[in-house]
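Colleague: Sequence and predicted structure are below.
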Amino acid sequence: MISFEHVDYSIDGRPILRDITFNVPLGGTTVILGPSGSGKSTTLRLLLGLARPDAGVIRIDNEDITKMSEKRLRQIRQRIGMVFQQGALFDSMTVGENVAFSLIEHDNVPDEELEGTVRAHLELVGLDPDLIDRMPDQLSGGMQRRVAIARALAARNPQILLYDEPTTGLDPQSAERITDLIVELRDRMKKTSVMVTHDIADAFKVGNTMAVLNEGRLVFEGTPADLARTNEPFISEFLAPFRKAVLAATQRVVTVPGTPRPTAPQ
Amino acid sequence: MGLIAAIVERLRRILEVVQDFVLFAWDAIRATFTPPYYGREFLSQLHFALVGSLLIVVVSAAVAGQALAIQLVRELANTGAKSQLGHFMVISVVRALGPVLTGMVVASRMSAGITAEIGAMRSSDQIDALVAFGSDPMKRLVVPRVAALLIALPVLVIIGDALAVVGGGFVGLQYHLPVESYYSGVLKYLTPKNVLVGMIKPFVFALMIATVACWRGFRSAGGAKGVGVSTTESVVISSVGILVADGVCTRLVFRILGW
């Protein structure tokens, strides 16, 4: 399990996160929602040990990572697969080298086995395995995100997956394919996952539990159903455009007699 | 009071920057002496530094060598000491001009290249991705670049020096100085001490250029504009640093050699 306990984090004296406390249940997917600049991506950076909090404790499987040595952190990171915003593929490496990065870096895997693993992971994320020799800049944004997910999954079979705004900047079709893939991985592999997003539709589609941040503070933690029901003013305002969009869409839908009409979160 | 406070604040910031560079350089040194080593990355950087810089070094050394020789041969002819051209070319090129000229040319190319590349990696989260997937960016990015330039720059200085001296010989021919006379002067003054004075410098320059370029790349922030600013800073620091290091090295070596 992952837990944040009273975590504070600031940059140059400017508070980014204040007194953040929440849990990510084992095998579940927690979505961290919030507007831009609310500190969502910072929570993932703290979770990876890329930054250290000013105060508070972050535990992964009951181990406090905030005061851990860099050497021990490197071992912990091997249990985590991270999908960065925009993919962050290594642009001097081929798709295959990107996917196999962690295996090449840490394990002495023979080349033939490595190629098989890469091809299997490309297939797993719905990509043509023959893309293995392409460079990242020869792929579309959606394909790059899929390669980034394949790279995260290939990293020594990680127990934890982190997604930092995996659909940002993608066209609606590519974004839907990515969220479908995340849901599929969630249901099939049962890995503990944390996804950061400001896209409410993605959040409701993917999350088992939700955490909402506003200006560095946690303003909600609970299930998607609880989130849809809450009357907290900021959350109501934050969800309003989504509710309107869903209502507008449902009013245009021709319902089939005898089937319930889709409803927006209340 | 306000002025003093502003000066103190400015000094504090400068000290912070110096401290940051020293700590970065120390991390780079520590990373150098522990595995893993990235041979492929090193060879790729060596190719970029050595082969990629060869043409500009050849052109600039040949042109600068001939320009220097023309200046010298005219003055020497006026004093009846034209036969000393080889002697003066060796002293000027091997001891002073060659390392600085080649250092400057390579610094402008390599500083910009390294800082822009690492800065772009920083702004696209690739450096964080390296860390996230268990790699050490110091070992993977900094050590191969420093090592490659430590090999490439001295080789380029030797090539540049040789071309400048040979260029001087052609100028001597134009001014009716026999080839034998020119090269006997060259060989007479191409002593181990003179070579030592000139060949210590490229190692110092290489260390400085690569470390500063990587440091500015790692500290790059603020997207494309930030990468541009870091790249400019890197080239300026390296260029000024070469001139300062040249002065310090010359004085230090002269003192050590007792000249």
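Modeller: Thanks, I have the structure now. Residues are numbered from 1 along each chain as shown, chains lettered A, B, ... in the order given.
Colleague: Tell me where chain B is predicted with low confidence.
Modeller: The model of chain B has pLDDT under 70 over residues B:1.
Colleague: And A:Asp107, how far from B:Leu54?
Modeller: From A:Asp107 across to B:Leu54, the span is 38 Å (CB to CB, to the nearest Å). (Each C-beta comes from the backbone N, C-alpha and C, glycine too.)
Colleague: A:Arg134 too?
Modeller: 31 Å.
Colleague: So what's the residue count around the residue of the stretch 151-259 of chain B found nearest chain A?
Modeller: Closest contact between the stretch 151-259 of chain B and chain A, by CB to the nearest CB, is at B:Ala221 (10.7 Å). Counted with other CB atoms under 10 Å in any protein chain shown, residues neighbouring B:Ala221 total 13.
Colleague: I'd assumed B:Arg122 was in contact with it.
Modeller: Yes: the pair B:Ala221 / B:Arg122 is scored as a contact, 7.5 Å apart, by CB atoms under 8 Å.
Colleague: on that earlier part again, which one's more surrounded, A:Asp107 and B:Leu54?
Modeller: Taking neighbours as other CB under 10 Å, A:Asp107 and B:Leu54 compare with B:Leu54 leading, 15 against 11.
Colleague: ok now do the more buried one, which residues does it touch?
Modeller: Shown in contact with B:Leu54 (CB atoms under 8 Å, 6 or more residues apart in numbering or on different chains): B:Leu156, B:Ile159.
Colleague: Where does A:Phe22 fall, secondary structure wise?
Modeller: strand A:14-24 (DSSP states H and E).
Colleague: Any part of that strand near chain B?
Modeller: No: for strand A:14-24, no contact with chain B is found by CB under 8 Å from any CB of the partner chain; the gap never falls below 14.1 Å.
Colleague: Just checking: what are the partner strands of that strand?
Modeller: If you go by DSSP bridges, strand A:14-24 pairs up with strand A:2-11 (antiparallel).
Colleague: residues making contact with the partner strand?
Modeller: A:15-24, A:39, A:42-43, A:46-47, A:51, A:53-60, A:160, A:192, A:194.
Colleague: Now, of those, which are buried?
Modeller: Among the contacts of strand A:2-11, those classed as buried by 16 or more other CB atoms under 10 Å in any protein chain shown are A:16-18, A:20, A:22-24, A:39, A:42-43, A:46-47, A:53, A:56, A:58, A:60, A:160, A:192, A:194.
Colleague: Find the nearest non-adjacent residue to B:Ser83, please.
Modeller: Leaving aside its sequence neighbours, B:Ser83 sits nearest to B:Ser181 (CB to CB, 6 or more residues apart in numbering or on different chains; 5.0 Å).
Colleague: how deep is that neighbour tucked in, by neighbour count?
Modeller: As a measure of burial, B:Ser181 has 15 neighbours, counting by other CB under 10 Å.
Colleague: who's in contact with it?
Modeller: B:Ser181 neighbours (CB under 8 Å, 6+ apart): B:Ser83, B:Gly86, B:Gly172.
Colleague: Pretty sure the last one sits against B:Gln84.
Modeller: Going back to what we said before, that points to B:Gly172. No: with contact defined as CB under 8 Å, B:Gly172 does not count as touching B:Gln84 (10.6 Å).
Colleague: Between these two, tell me which one has more neighbours.
Modeller: More neighbours surround B:Gly172 than the other of B:Gly172 and B:Gln84, with 25 against 19 (other CB under 10 Å).
Colleague: Could you pull out the buried residues of stretch B:174-188?
Modeller: Here stretch B:174-188 shows B:Leu177, B:Tyr182, B:Tyr183, B:Gly185, B:Val186 as buried, counting by 16+ other CB under 10 Å.
Colleague: just to revisit the earlier point, which phi and psi does the residue of the stretch 151-259 of chain B closest to chain A have?
Modeller: phi -150, psi 150 (degrees, to the nearest 10).
Colleague: Residue of the stretch 1-150 of chain A nearest chain B, please.
Modeller: Closest point on the stretch 1-150 of chain A to chain B, by CB to the nearest CB, is A:Ala88, at 3.8 Å.
Colleague: Could you pull out the helices in the chain for me?
Modeller: Chain wasn't specified; assuming chain A. For chain A, the helices defined by DSSP state H cover A:40-47, A:70-77, A:95-99, A:101-106, A:111-124, A:141-154, A:172-189, A:200-206, A:224-229, A:233-252.
Colleague: let's do chain B instead
Modeller: Counting by DSSP H, the helices of chain B are B:2-32, B:39-46, B:52-78, B:85-89, B:98-123, B:126-132, B:137, B:143-174, B:179-189, B:192-218, B:223-257.
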